[in-house]
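Undergrad: Below is the sequence, then the predicted model.
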Amino acid sequence: MNIFLVIGIMVISTFVISFAVAGMIRLISISINFLRIQKTKTTDQHESLTEVQNEAAGQDQQLETVAAIGLAIKLYLEDIHDYERTIMTIQKVVRPYSPWSSKIYGLRQNPKGR
């Protein structure tokens, strides 16, 4: 009867510990989501400020876009004309005969007469 009591205590303690760990994990995930939402709210305020600044300096942004497109076209056209000459040379290598590499002296020959 004593062993059943010990097993019962172990099962109950395991049950309590597992629920405690699951609760802590849930609490941590809720707090992370809360912090993420708070960060999103502050980011939205910064984005609205950035939009106002971009509207005020619209010309500069357009010129930067034109410069970026021009640079991309220049790099693309340079890449088209960058051909490399490839010359392939095949030479036959002559190796002297070596009985070490011969297949007729393999170690897996089965003797038939024995």
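TA: That came through, no problem.
Undergrad: low-confidence ranges in this protein?
TA: Scanning the chain with the threshold set as pLDDT under 70 gives 1, 42-49, 52-61, 80-84, 95, 97-114.
Undergrad: for it, which helix is longest?
TA: For the chain, the longest helix by residue count, based on DSSP state H, is helix 2-56.
Undergrad: quick check: angle from the helix or strand just after it to helix 2-56?
TA: Following helix 2-56 in sequence order, the next helix or strand is helix 58-80 (DSSP states H and E). With axes from the mean of the first three to the mean of the last three C-alpha atoms, to 10 degrees as the basis, helix 58-80 and helix 2-56 are set at 100 degrees to each other.
Undergrad: Only the buried residues of helix 58-80, if you could.
TA: By neighbour count with 16 or more other C-beta atoms under 10 Å, helix 58-80 contains no buried residues. (Glycine included, C-beta is placed from N, CA and C.)
Undergrad: Format the CA atom coordinates belonging to it as PDB.
TA: What follows is the C-alpha trace of helix 58-80 in PDB, where atoms were taken according to Å, rounded to 0.1, in the frame of the first residue of the first chain:
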ATOM      1  CA  GLY A  58       9.100  65.300 -52.000                       C
ATOM      2  CA  GLN A  59      11.600  66.600 -54.500                       C
ATOM      3  CA  ASP A  60      14.600  65.100 -52.700                       C
ATOM      4  CA  GLN A  61      12.900  61.700 -52.600                       C
ATOM      5  CA  GLN A  62      12.100  61.900 -56.400                       C
ATOM      6  CA  LEU A  63      15.700  62.800 -57.200                       C
ATOM      7  CA  GLU A  64      17.000  59.900 -55.100                       C
ATOM      8  CA  THR A  65      14.700  57.500 -56.800                       C
ATOM      9  CA  VAL A  66      15.800  58.700 -60.300                       C
ATOM     10  CA  ALA A  67      19.500  58.400 -59.200                       C
ATOM     11  CA  ALA A  68      18.900  54.800 -57.900                       C
ATOM     12  CA  ILE A  69      17.200  53.800 -61.100                       C
ATOM     13  CA  GLY A  70      20.000  55.300 -63.200                       C
ATOM     14  CA  LEU A  71      22.600  53.500 -61.200                       C
ATOM     15  CA  ALA A  72      20.800  50.200 -61.500                       C
ATOM     16  CA  ILE A  73      20.600  50.600 -65.300                       C
ATOM     17  CA  LYS A  74      24.300  51.500 -65.500                       C
ATOM     18  CA  LEU A  75      25.300  48.400 -63.500                       C
ATOM     19  CA  TYR A  76      23.000  46.200 -65.600                       C
ATOM     20  CA  LEU A  77      24.500  47.500 -68.900                       C
ATOM     21  CA  GLU A  78      28.100  47.000 -67.600                       C
ATOM     22  CA  ASP A  79      27.200  43.400 -66.600                       C
ATOM     23  CA  ILE A  80      25.900  42.600 -70.100                       C
END
